[in-house]
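**Student:** After the sequence you'll find the predicted model.
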Amino acid sequence: MNGKQRIVSALNRQPVDRTPVWFMRQAGRHLPEYRKIAAEHNFWERCMDVDLCKAITLQPIREIPEDRCCDHLQ
């Protein structure tokens, strides 16, 4: 089972050989704070470090007003 088959099957609630994971790497990349972290840490470091993950996740929430943030999510 390849990655595309795995995620499509999981989305359709069909059995999969292992849990698929989708990395959406674009969110927040325009933020200066994110670019600084990205320049100092490679992709896997950002994924594996809980504190970096938390900081990156919260950046858009802090930077984008709530009403605009919700517009981006729709």
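**Tutor:** Received, thanks.

**Student:** hang on, Pro60 packs against His30?
**Tutor:** No. With contacts defined as Cβ atoms under 8 Å, Pro60 does not count as touching His30, sitting 9.4 Å away. For glycine as for every other residue, the C-beta is placed from the backbone atoms N, C-alpha and C.

**Student:** So for these two, which residue has more residues nearby?
**Tutor:** Residue environment comparison for Pro60 versus His30 gives the larger neighbour count to Pro60, 17 against 10, counting by other Cβ atoms under 10 Å.

**Student:** element containing Gly46, please.
**Tutor:** Quick fix: residue 46 reads Arg, not Gly. Assigning secondary structure by DSSP states H and E places Arg46 in helix 43-48.

**Student:** Could I get the buried residue list for that helix?
**Tutor:** By neighbour count, and taking 16 or more other Cβ atoms under 10 Å as the criterion, the buried residues in helix 43-48 are Arg46.

**Student:** With stretch 31-38 instead?
**Tutor:** For stretch 31-38, a neighbour-count test (16+ other Cβ under 10 Å) marks 31, 34, 37-38 as buried.

**Student:** Name the helix or strand for Ala55, please.
**Tutor:** helix 50-63.

**Student:** for that helix, packing partners?
**Tutor:** Other helices and strands packing on helix 50-63, by 3 or more Cβ pairs under 8 Å, 6 or more residues apart in numbering; DSSP states H and E, are helix 32-40, helix 43-48, helix 66-73.

**Student:** how about the CA coordinates for it, as PDB?
**Tutor:** Output for helix 50-63, consisting of C-alpha atoms alone and laid out as PDB, is shown next (Å, rounded to 0.1, in the frame of the first residue of the first chain):
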ATOM      1  CA  VAL A  50       7.900  19.200  21.400                       C
ATOM      2  CA  ASP A  51       8.800  22.700  22.300                       C
ATOM      3  CA  LEU A  52       9.400  23.700  18.700                       C
ATOM      4  CA  CYS A  53       6.200  22.000  17.600                       C
ATOM      5  CA  LYS A  54       4.300  23.900  20.200                       C
ATOM      6  CA  ALA A  55       5.900  27.200  19.300                       C
ATOM      7  CA  ILE A  56       5.300  26.700  15.500                       C
ATOM      8  CA  THR A  57       1.600  25.700  16.100                       C
ATOM      9  CA  LEU A  58       0.900  28.700  18.200                       C
ATOM     10  CA  GLN A  59       2.500  31.300  15.900                       C
ATOM     11  CA  PRO A  60      -0.400  31.800  13.500                       C
ATOM     12  CA  ILE A  61      -2.800  31.900  16.400                       C
ATOM     13  CA  ARG A  62      -0.900  34.700  18.000                       C
ATOM     14  CA  GLU A  63      -0.200  36.600  14.700                       C
END
